[in-house]
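S.K.: Below is the sequence, then the predicted model.
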Amino acid sequence: MADAKVIPFDEDRSRRRAPRRVRAVSAPEPVAPPVAAEPAAERSPGGWDRRIAGGLAFLRRRVTGEYEVDEFGYDKELTDQVLMSLMRPLYDKYFRVEVKGIENIPAEGGALIVANHSGTLPLDGLMLQVAVHDHHPAQRHLRLLAADLVFMLPVVNELARKAGHTLACAEDAQRLLEAGELVGVMPEGFKGIGKPFGDRYKLQRFGRGGFVSTALRAGTPIVPCSIVGAEEIYPMVGNAKTLARLLGIPYFPITPTFPWLGPLGAVPLPTKWTIQFGEPIATAGYAAEAAEDPMLMFNLTDEVREQIQHTLYKLLVQRRSVFF
């Protein structure tokens with residue numbers, strides 16, 4: 001019988017698996033609890049406390065009558081702090097107004113801004129006022145010349161006066177221009193704002209050139225202004241003339257939504273607006289008697305009208321959509 005082979009125990013031990021090394025992991029460093037961020041209103045100099053204090057001071061001046069109005073009834077403080085704030089959401093968020101050529105409005109001194117008029121309701125005048133104030137480096141205030149009807153309506157009459165607007169007459173306009181104010185006029189009047197939707201962006205007659213005569217007498221520049229977007233807010237497809245005569249108003253608009261939807265039909269469509277100010281037309285070089293020259297007034301009126309119409313067509317070509 002062959003000798004049995006003896007396997008030593010040491011070799012069996014060497015085949016055993018080597019023990020696993022455990023690497024020590026250092027304990028995480030303690031993290032400081034997050035510190036709540038200070039509210040922006042408390043960090044900024046004009047925090048809520050200052051806003052509340054300013055609001056209370058404003059109310060105190062309203063109650064005690066310690067505020068100023070000019071001879072036309074213009075209340076600058078009320079316009080800046082209340083009326084402009086009420087119009088800005090409509091201007092910024094609803095109509096999303098884009099402004100071009102604001103540098104053509106003088107930084108100081110009188111100037112006459114002449115714009116097209118449209119939209120069934122005169123929202124274009126209000127948006128023009130916000131555009132001038134918020135985009136001009138000097139934050140100038142536009143004093144609009146309004147029709148008699150505006151100052152015959154309760155509440156509207158008082159608000160128009162407080163916002164700095166006045167009756168569309170040559171005497172008031174000249175006084176404002178000579179005082180260095182920025183005056184706005186829409187010569188189309190009711191013919192422009194109440195025209196059918198089929199005539200949109202076609203300028204109506206500019207009257208007899210009274211605004212040119214006023215600018216010549218005051219020696220102030222004329223700034224043409226073109227507004228695109230207002231024509232479509234209330235597409236006027238009809239005019240109930242009999243009802244308008246009974247109510248004593250220039251026209252009674254019929255739109256796809258009004259009067260069929262009642263008060264809801266009076267909500268304007270959210271169109272995209274563009275307001276462009278053209279290059280000013282100087283009047284200071286003319287003689288004093290130039291304001292009495294009918295041919296000169298006709299030529300200047302036609303020049304302003306043509307510049308506004310040409311800019312309207314150009315903006316319409318550039319526009320991607322009525323609403324965007």
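M.R.: Happy to help now that I have it.
S.K.: make it CA atoms for all contacts and neighbour counts henceforth
M.R.: Fine.
S.K.: Can you name the residues that contact the closest residue to residue 237 other than its chain neighbours?
M.R.: Leaving out its chain neighbours, the residue that sits closest to residue 237 by C-alpha to C-alpha, 6 or more residues apart in numbering is residue 255, at 5.4 Å. Counting by C-alpha atoms under 8 Å, 6 or more residues apart in numbering, residue 255 touches 234-238.
S.K.: switch to 10 Å and redo it
M.R.: 120, 196-197, 233-239, 265-266 (C-alpha atoms under 10 Å, 6 or more residues apart in numbering).
S.K.: Can you check what pLDDT the model gives it?
M.R.: Note on residue 255: pLDDT of 96.
S.K.: end to end, how far does stretch 112-126 reach?
M.R.: Start-to-end span of stretch 112-126 (C-alpha to C-alpha, to the nearest Å) is 16 Å.
S.K.: Could you check how far it is from the centre of its chain?
M.R.: 12 Å (C-alpha atoms, centre = their mean, to the nearest Å).
S.K.: element containing residue 99, please.
M.R.: Counting by DSSP states H and E, the element that carries residue 99 is strand 98-100.
S.K.: Show the average pLDDT along the helix or strand hosting residue 305.
M.R.: Residue 305 belongs to helix 294-318 when elements are defined using DSSP H and E. What helix 294-318 shows for mean pLDDT is 96.
S.K.: Repeat that for stretch 197-215.
M.R.: Averaging pLDDT along stretch 197-215 yields 93.
S.K.: Sort out which residues of that stretch are buried, please.
M.R.: For stretch 197-215, burial by neighbour count (16 or more other C-alpha atoms under 10 Å) applies to 197, 200-201, 203-204, 206, 209-215.
S.K.: quick check, nearest of the residues you listed to residue 293?
M.R.: residue 213 (8.8 Å; C-alpha to C-alpha).
S.K.: ok, the closest one - contacts?
M.R.: 170, 174, 219, 283, 290-294, 296-298, 300-301.
S.K.: can you give me the helices for the chain?
M.R.: With helices called from DSSP state H, the chain shows them at 9-14, 40-43, 48-64, 76-78, 84-89, 123-135, 156-162, 170-178, 190-193, 210-218, 241-247, 294-318.
S.K.: If any of the contacts of residue 213 are buried, give me the PyMOL selection for them.
M.R.: Burial among these is assessed by 16+ other C-alpha under 10 Å; the matching PyMOL selection reads:
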select buried, resi 174+219+283+290+291+297+298+300+301
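S.K.: between the contacts of residue 213, which is closest to residue 315?
M.R.: residue 301 (21.3 Å).
S.K.: quick one: the residue nearest to that closest one when sequence neighbours are not counted and residue 216, what's the gap?
M.R.: In this structure, residue 301 finds its nearest non-sequential neighbour in residue 209, 5.7 Å apart by C-alpha to C-alpha, 6+ apart. Residue 209 sits 11 Å away from residue 216, going by C-alpha to C-alpha.
S.K.: tell me, what's touching these two both at once?
M.R.: Joint contacts of residue 209 and residue 216 (C-alpha under 10 Å, 6+ apart) are residue 297.
S.K.: Which member of the buried residues of stretch 197-215 is positioned nearest residue 315?
M.R.: Closest approach between the buried residues of stretch 197-215 and residue 315, by C-alpha to C-alpha: residue 201, at 10.6 Å.
S.K.: I figured that closest one hits residue 316, correct?
M.R.: Yes. In terms of C-alpha atoms under 10 Å, residue 201 counts as a neighbour of residue 316; the distance is 9.0 Å.
S.K.: Thanks a lot, catch you later.
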